[in-house]
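In: the sequence and its predicted three-dimensional model are supplied below.
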Amino acid sequence: MKKNTKCLVVEDEALLALSLEMELKMAGLNVIGIAATGEQALQNLKVKKPDIILMDLRLSGKMNGVEVIRMITRMYHIPVIIITGYPDTKLMDAAKRLDHVRYLLKPVRTETLLKLMAELLNG
């Protein structure tokens, strides 16, 4: 994985989002934005063009993570890693059926996340 990989973090818990941003930056990645809602995530996509998206399933706003991921994979074809603390079987099953989507349960080890990111980005 390239060190200048552009990442978008979609997480509505500010402390978790900032912690993840810090870990990614320390690993040499470029965090191009943090979004708390699906609507903000989609707006960021139009402007910032990330290489990969790290997303929680339960978000503030009207859209849940699966709805946003469906739009992202259909319109932008950007890989997504779901990072969630809630192993909601219905949402996880829906996410598994989407191309270029993987998931991790919180708490996530940085090494595990970076390895999964590299796998998704490098085919």
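Out: Alright, I've got the coordinates. Residues are numbered from 1 along each chain as shown.

In: identify the bridge partners of the most centrally placed residue in the chain.
Out: The residue at the geometric middle of the chain, judged as the C-alpha nearest the mean C-alpha position with C-alpha atoms, centre = their mean, is L54 (1.4 Å). Beta-bridge pairing of L54 under DSSP bridges involves V9, I81.

In: quick one, what contacts it?
Out: Taking C-beta atoms under 8 Å, 6 or more residues apart in numbering, we find L54 in contact with C7, L8, V9, V10, E11, L20, V80, I81, I83, L113. C-beta here means a position set from N, CA and C on the backbone, and glycine is covered the same way.

In: what's the following helix or strand after the least confident helix or strand in the chain by mean pLDDT?
Out: Scoring the helices and strands of the chain by mean pLDDT, DSSP states H and E places helix 89-96 at the bottom, with a mean of 72. Stepping forward along the backbone from helix 89-96, the first helix or strand reached (DSSP states H and E) is strand 101-105.
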